[in-house]
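Trainee: how does the following fold in three dimensions:
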Amino acid sequence: MSANGMRTEATQRGFTLIELVTIMILLGILAVVALPHFNLTDFAAARFRDEALSGLRYAQKAASSHRRLVCASLAERRIDFAIAATSSTTTCTGTTPLPLPANGQAQVSTSDSAVSLSATSGTLPATLFFRPDGTIDEGGAWINRTLSINGLTITLTGETGLVQ
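Mentor: Residues are numbered from 1 along each chain as shown. Modelled structure (predicted):
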């Protein structure tokens, strides 16, 4: 009760049902208008580029650390990685899938149908050889190759083994 003897209502906190429904309707309209403007292909391309870049760097590191040849078979929507069974192997024949350190499964990068890998220098399909000395070649000659995934690039420098 107040000083004048009249009852006062407690201060209400929170939102009314009308306010909540209004916000839900506005969010629905915003979603209908905004979602078509999101290009999900860009997200898929970024994911595939990051996955491919990580896989290529891992292949280079695995070749050096295991002192074995690691092969990366590049195709339009897939990169397969394999490691030689012995240190004397010089070709991709007789290799086994390169296992991931976390779970032992084969290291493979794949893309959605809307995302594709292309070579701005060189051609696809191609096989890259990651040598134990840290270099990258395509069967004898060092490569300097740029790969493109929907405009996002990966650069390989064969002589130094740089993957960026």
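Trainee: the lengthiest helix in the chain - contacts with which helices or strands?
Mentor: Counting residues, the longest helix in the chain under DSSP state H turns out to be helix 40-66. For helix 40-66, the elements it packs on are strand 70-74, strand 78-84, strand 108-110, strand 126-130, strand 144-149, strand 152-157, strand 162-163, judged by 3 or more C-beta pairs under 8 Å, 6 or more residues apart in numbering; DSSP states H and E. Every C-beta, even on glycine, is put in place using the N, C-alpha and C of the backbone.
Trainee: mean pLDDT lowest where, among those strands?
Mentor: The stretch with the lowest mean pLDDT among the helices and strands packed on helix 40-66 is strand 108-110, at a mean of 82.
Trainee: pull out the buried positions in stretch 147-164.
Mentor: L147, S148, I149, N150, L152, I154, L156, T157, G158, G161, V163 (16 or more other C-beta atoms under 10 Å).
Trainee: hmm, I typed the wrong one, I wanted stretch 65-78.
Mentor: R68, L69, V70, C71, A72, S73, L74.
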